[in-house]
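Asker: Build me a model from this:
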Amino acid sequence: MKKKYKLKKNARYGLVGIVIIIAVILVGRSIYKDYVYKHSYEYNLELRGYDEKEIKLLIKNLDDKRLDKLANTKKDPVIVAFLQEKYYISKNLDRYLKYYENHKKVAYSDIVALVNTNNDYEHYEHDLKAKTSLDELLLCNKFYKLADGYEPEDLATMKNKYYYGEAQVVRQEVYDAFVDMWNDANEEGIYLIVNSSYRSFEDQKELYDLYKDNYGTTEADLVASRPGYSEHQTGLSVDVFSKDNTSTKTFKDSPAYSWLVNNSYKYGFILRYPEGKEDITGYEFEAWHYRYVGKKVAKELHNNNLTFEEYYAYYIENAAKKTK
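Answerer: Numbers count the residues shown, from 1 in each chain. Here you go, the predicted model:
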């Protein structure tokens, strides 16, 4: 009987020991979890005053180095504001912040747009390669330069009913889209007419030098592209007026302009240099300058009031880097 009692007693001690071990493990695990949590970004960012939504946003978009800094300094509402912008691009955050430091009265959305489109740099002093492989979506402007000697391979000469002055040539796809647009506009009593389309490097140089000689470099850069940076050299742009109005000064007040603004995107064209977007495009408002980008993209730009620079930065360049 003594032996049996001893066995029961030992079993009880063993059971108590197991319970103690389990309790120690659970307490230890709880202590460890608490330790880990108190050293986590979530905990420390919360201490700095960030709410749950902001913390998730920060952790999702920032690297450890940036999070470490934020977790050990007072709350930075500026970074949060930039992260919440629709067209925020992560690689540009430092540039947003730098621009903000010198332009604190500029809206966050405007800073994002300006930086995304490289307008925190000086024009013609930050050369990037225009990617002609993108076809009708290639960007050519005061930052994106065409390769030396570039010339489209599929240029087509327009019939003289579509232009006035010297013969006009554009890429074949652009020509076909313009004819469709011309036909529909004509049915509504609008007779569209082109006075400028493709220009070679040499043609653009001659035009730019003429402006520069007459008005100086600053004024010339507002109204004309330097050779190698002109959309006209891509064969994707047309300067469109109407038979009733070929004046750069009054075309914006014409029925033809109104028709183009409301309908050109249906055929793949966009108003390339719209009013109010001069800081983005780098050019004064041109009511007559239309660029072919294809129907899908043209509709996207039209519906969201975007310039091609803004679209390119976020939906083409940024999207391409995300998929690599």
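
Asker: A strand includes Ile270, no?
Answerer: Yes: the assignment for Ile270 is a strand, going by DSSP: H, G, I helix; E, B strand; the rest coil.

Asker: Verify the contact between it and Leu301 for me.
Answerer: Yes: counting by CB atoms under 8 Å, Ile270 touches Leu301, with 5.2 Å between them. All C-beta spots, glycine's among them, are computed from the backbone N, C-alpha and C.

Asker: Name the residues contacting each of the two.
Answerer: 293, 308 (CB atoms under 8 Å, 6 or more residues apart in numbering).

Asker: Give me the more crowded residue out of those two.
Answerer: Ile270 (24 against 20; other CB atoms under 10 Å).

Asker: quick one: that one from Asn195, how far?
Answerer: From Ile270 across to Asn195, the span is 19 Å (CB to CB, to the nearest Å).

Asker: Ok, His289 next?
Answerer: 11 Å.

Asker: which residues do these two both contact?
Answerer: Common neighbours of His289 and Asn195 (CB under 8 Å, 6+ apart) are Asp239.

Asker: Tell me which of these two has more neighbours.
Answerer: Neighbour totals were compared for His289 and Asn195, and His289 leads with 21 against 16 (other CB under 10 Å).

Asker: tell me which residues form a beta bridge with the more buried one?
Answerer: Asp239 (DSSP bridges).

Asker: Helix or strand next in line after the lowest-mean-pLDDT helix or strand in the chain, which one?
Answerer: Scoring the helices and strands of the chain by mean pLDDT, DSSP states H and E places helix 2-38 at the bottom, with a mean of 54. As assigned by DSSP states H and E, the chain's next helix or strand after helix 2-38 is helix 41-47.

Asker: What residues sit buried inside that following helix?
Answerer: Applying a neighbour-count criterion of 16 or more other CB atoms under 10 Å, one finds 41-42, 44-45 buried in helix 41-47.

Asker: Would you mind giving the secondary structure of Ala156?
Answerer: strand.

Asker: what's the answer for Leu139, then?
Answerer: Under three-state DSSP, Leu139 falls in the coil class.

Asker: per-residue confidence at the nearest residue to it once chain neighbours are set aside?
Answerer: Excluding the flanking residues, the one nearest Leu139 by CB to CB, 6 or more residues apart in numbering is Tyr312, at 4.6 Å. Note for Tyr312: predicted pLDDT of 98.

Asker: is it true that Tyr312 lies in a helix?
Answerer: Yes: checked against three-state DSSP, Tyr312 lies within a helix.

Asker: Report how many residues lie close to it.
Answerer: Here the number of neighbours of Tyr312 (other CB under 10 Å) works out to 23.

Asker: what separates it from Arg291, distance-wise?
Answerer: 12 Å.

Asker: And for His103?
Answerer: Here the distance between His103 and Arg291 works out to 29 Å (CB to CB).

Asker: Name all residues that make contact with the closest residue in space to Asn116 that isn't next to it in sequence.
Answerer: Nearest residue to Asn116 in three dimensions, chain neighbours excluded: Ala313, at 3.9 Å (CB to CB, 6+ apart). Ala313 makes contacts with 87, 89, 116-117, as judged by CB under 8 Å, 6+ apart.

Asker: do Tyr100 as well
Answerer: By CB under 8 Å, 6+ apart, the contact set of Tyr100 is 78, 82, 106, 108, 111.

Asker: ok, the fourth one - how many residues close by?
Answerer: Okay, so that is Tyr108. Neighbour count of Tyr108, defined by other CB under 10 Å: 16.

Asker: wait, it sits on Phe82?
Answerer: Yes: the criterion here is CB under 8 Å, and Tyr108 meets it with Phe82 at 6.0 Å.
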